[in-house]
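K.L.:
for reference, the sequence and a predicted model appear below.
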Amino acid sequence: MRIISGKFKGRIIPVSPKLKARPTTDKAKEALFNRLNFEIEYESLSVLDLFSGTGNISLEFASRGVEDITAVDIRHEHVKFINSTFKQLGINGIVLQTDVFKFLSRPKKSYHLVFADPPYDMENFDELVELTLSGELLKDKGLFILEHGPGKDFSKHKNFADVRSYGKVHFTRFEK
């Protein structure tokens with residue numbers, strides 16, 4: 001896994017094949033962040049990374065100056081890996097081992113940006129979208145980016161902003 005920009009640019013983070021994660025591809029990640037570069041001030045953001053896996057997306061945000069990062073994943077080995085990587089790089093993010101849906105049902109904080117990369121074959125995408133956009137989890141004018149595979153269409157959702165595709169990786173954006 002490679003960090004593509006910011007203060008850790010070019011850093012290769014070796015990922016154990018034992019981790020059951022599908023990191024966002026470099027091509028898709030670079031396209032996502034190239035777009036965000038023109039829209040947001042990283043230093044003032046609070047970011048929530050759901051289904052964080054290897055921490056790939058959290059690391060990109062941290063590399064660009066985001067200091068308020070919360071990563072959530074249910075797998076112990078993922079949380080351990082992210083914590084280790086954060087410690088190695090001096091990142092002060094919060095890493096929580098819990099079920100994302102339980103976390104979303106009782107949020108304790110609001111975020112400017114929420115990124116979610118659930119398993120592409122997960123059945124309850126609509127529930128994830130509703131839990132993320134309802135309530136106080138996402139701040140007003142906040143951005144929710146959902147990574148998913150082909151075959152998902154959220155264009156009828158009231159908070160839908162747009163969708164971008166990079167091969168088999170799709171990013172649907174919602175605005176609150």
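P.N.:
Right, received. Where do you want to start?
K.L.:
contacts, neighbours, all on C-alpha from now
P.N.:
Fine.
K.L.:
show me what contacts residue 109?
P.N.:
Under the criterion of Cα atoms under 8 Å, 6 or more residues apart in numbering, the contact partners of residue 109 comprise 136, 137.
K.L.:
next, give phi and psi for it.
P.N.:
The phi and psi torsions at residue 109 (degrees, to the nearest 10) take the values phi -150, psi 160.
K.L.:
now it: how far from residue 138?
P.N.:
Distance of residue 109 to residue 138, computed by Cα to Cα, to the nearest Å: 9 Å.
K.L.:
ok, residue 45 next?
P.N.:
Residue 45 sits 12 Å away from residue 138 when distances are taken as Cα to Cα.
K.L.:
for the closest residue to residue 21 other than its chain neighbours, give me the pLDDT.
P.N.:
Leaving out its chain neighbours, the residue that sits closest to residue 21 by Cα to Cα, 6 or more residues apart in numbering is residue 53, at 5.2 Å. Listed pLDDT for residue 53 reads 95.
K.L.:
does residue 53 touch residue 80 like I think?
P.N.:
No - counting by Cα atoms under 8 Å, residue 53 stays clear of residue 80, with 10.4 Å between them.
K.L.:
looking at these two, which one has more neighbours?
P.N.:
Set side by side, residue 53 and residue 80 show more neighbours around residue 53, with 28 against 15, by other Cα atoms under 10 Å.
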